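# From the sequence below, what's the structure:
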Amino acid sequence: MSNNPGDGKNPRRARKPQGFFSEKQQEQRNEAARDVKSFLDYLKTDYSKKRLKAMPPRPPKQKWRPVKTAIVLTFL
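You can find the predicted model right below:
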(Lines give C-alpha, C1' and ligand atoms only; values in the text may rest on other atoms or scores of the structure.)
Protein backbone atom coordinates (compact mmCIF):
# COMPACT_ATOMS: atom_id res chain seq x y z
CA MET A 1 0.00 0.00 0.00
CA SER A 2 1.43 3.30 -1.03
CA ASN A 3 0.91 6.65 0.63
CA ASN A 4 -0.61 8.11 -2.50
CA PRO A 5 -3.82 10.07 -2.00
CA GLY A 6 -6.91 8.03 -2.79
CA ASP A 7 -5.44 4.58 -2.10
CA GLY A 8 -8.18 3.82 0.46
CA LYS A 9 -6.34 4.66 3.69
CA ASN A 10 -7.37 7.50 5.95
CA PRO A 11 -4.59 10.01 6.52
CA ARG A 12 -3.13 9.80 10.03
CA ARG A 13 -3.78 12.79 12.23
CA ALA A 14 -0.79 14.50 13.75
CA ARG A 15 -0.45 13.85 17.48
CA LYS A 16 -0.83 16.59 20.01
CA PRO A 17 2.49 17.56 21.51
CA GLN A 18 3.17 15.83 24.82
CA GLY A 19 1.96 17.82 27.82
CA PHE A 20 -0.57 19.80 25.79
CA PHE A 21 -3.84 20.37 27.63
CA SER A 22 -6.78 22.66 27.18
CA GLU A 23 -7.40 25.27 29.86
CA LYS A 24 -10.24 23.22 31.37
CA GLN A 25 -8.16 20.03 31.52
CA GLN A 26 -5.24 21.91 33.05
CA GLU A 27 -7.52 23.41 35.70
CA GLN A 28 -8.89 19.95 36.53
CA ARG A 29 -5.35 18.62 36.87
CA ASN A 30 -4.36 21.53 39.14
CA GLU A 31 -7.46 20.97 41.28
CA ALA A 32 -6.68 17.26 41.61
CA ALA A 33 -3.09 18.08 42.56
CA ARG A 34 -4.33 20.48 45.27
CA ASP A 35 -6.66 17.80 46.62
CA VAL A 36 -3.80 15.29 46.78
CA LYS A 37 -1.52 17.79 48.52
CA SER A 38 -4.14 18.64 51.14
CA PHE A 39 -4.81 14.92 51.70
CA LEU A 40 -1.10 14.20 52.19
CA ASP A 41 -0.84 17.13 54.62
CA TYR A 42 -3.83 15.69 56.47
CA LEU A 43 -2.02 12.34 56.73
CA LYS A 44 0.97 14.09 58.33
CA THR A 45 -1.23 15.40 61.18
CA ASP A 46 0.23 14.50 64.55
CA TYR A 47 -2.60 12.80 66.37
CA SER A 48 -0.67 12.44 69.63
CA LYS A 49 -1.29 16.15 70.28
CA LYS A 50 -4.87 16.17 69.02
CA ARG A 51 -7.68 15.48 71.45
CA LEU A 52 -10.04 12.88 70.08
CA LYS A 53 -13.75 13.37 70.63
CA ALA A 54 -15.31 10.95 73.08
CA MET A 55 -17.43 8.26 71.50
CA PRO A 56 -21.13 8.51 72.32
CA PRO A 57 -22.26 5.89 74.85
CA ARG A 58 -23.46 2.65 73.37
CA PRO A 59 -27.21 2.09 73.57
CA PRO A 60 -28.21 -0.78 75.88
CA LYS A 61 -28.59 -4.12 74.16
CA GLN A 62 -32.14 -5.25 73.65
CA LYS A 63 -32.82 -8.63 75.17
CA TRP A 64 -34.68 -11.05 72.97
CA ARG A 65 -37.94 -11.94 74.61
CA PRO A 66 -40.19 -14.67 73.26
CA VAL A 67 -43.60 -13.36 72.38
CA LYS A 68 -46.15 -14.57 74.90
CA THR A 69 -49.37 -15.00 73.01
CA ALA A 70 -52.20 -17.32 73.82
CA ILE A 71 -52.43 -20.12 71.32
CA VAL A 72 -56.07 -20.88 70.80
CA LEU A 73 -56.87 -24.16 69.11
CA THR A 74 -60.35 -24.54 67.85
CA PHE A 75 -61.59 -27.80 66.43
CA LEU A 76 -64.81 -28.06 64.58
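
# okay, CA-based contacts and neighbour counts for the rest of this
OK.

# Local confidence estimate at residue 59?
pLDDT recorded at residue 59 is 84.

# ugh, wrong one, I meant residue 74
69.

# can you give me how far stretch 50-58 is from the chain middle?
On the basis of C-alpha atoms, centre = their mean, to the nearest Å, stretch 50-58 sits 26 Å off its chain's mean C-alpha point.

# ditto for stretch 39-52
In terms of C-alpha atoms, centre = their mean, the centre of stretch 39-52 is found 22 Å from the chain centre.

# avg pLDDT for it?
Here the average pLDDT along stretch 39-52 is 78.

# what's the span of that stretch, first residue to last?
Using C-alpha to C-alpha, to the nearest Å, one end of stretch 39-52 lies 19 Å from the other.

# what does stretch 52-65 give?
End-to-end for stretch 52-65, by C-alpha to C-alpha: 38 Å.

# can you pull the buried residues of it?
The neighbour-count check on stretch 52-65 (16 or more other C-alpha atoms under 10 Å) flags nothing as buried.
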